[in-house]
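Engineer: can't give you the sequence, but here's the structure:
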């Protein structure tokens, strides 16, 4: 099962580095979302404070994201 960050990067057709640039975040911040918890990452989860900026970016790119895209099922 794909993690939330993997699903969103795929839908946005972006790399973690491109997403970090688009959101004006450090690349380390976004890369941590892709790392397992054992590697000091978030296990694929995106912290809630970044959900709205990502939703705005998706809207700008005309990509449909839903709240369920941010949840690991």
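Structural biologist: The structure has been received and is ready for your questions. On a predicted model such as this, the values are computed, not experimentally measured, just so you know.

Engineer: Which strand or helix spans residue 21?
Structural biologist: If you go by DSSP states H and E, residue 21 is part of helix 16-22.

Engineer: pLDDT (mean, whole number) over that helix?
Structural biologist: Across helix 16-22, pLDDT averages out at 98.

Engineer: Likewise for stretch 42-60?
Structural biologist: Per-residue scores along stretch 42-60 average to 97.

Engineer: ok, and what's touching it?
Structural biologist: Here stretch 42-60 makes contact (C-beta atoms under 8 Å, 6 or more residues apart in numbering) with 3-6, 8, 11-12, 19, 22-23, 25, 32-37, 64-65, 67, 70, 72. Quick note: C-beta positions are derived from backbone N, CA and C, even for glycine.

Engineer: now the nearest residue to residue 1 once chain neighbours are set aside: how far from residue 37?
Structural biologist: Nearest non-adjacent residue to residue 1, counting by C-beta to C-beta, 6 or more residues apart in numbering: residue 73, 6.8 Å away. Distance, residue 73 to residue 37, by C-beta to C-beta, to the nearest Å: 18 Å.

Engineer: More neighbours: which of those two?
Structural biologist: A direct count of neighbours by other C-beta atoms under 10 Å for residue 73 and residue 37 places residue 37 higher, at 10 against 7.

Engineer: can you give me the helices in the chain?
Structural biologist: 4-12, 16-22, 27-34, 51-60 (DSSP state H).

Engineer: list the helices and strands the second one packs on?
Structural biologist: Packing partners of helix 16-22 (3 or more C-beta pairs under 8 Å, 6 or more residues apart in numbering; DSSP states H and E): helix 4-12, helix 27-34, helix 51-60.
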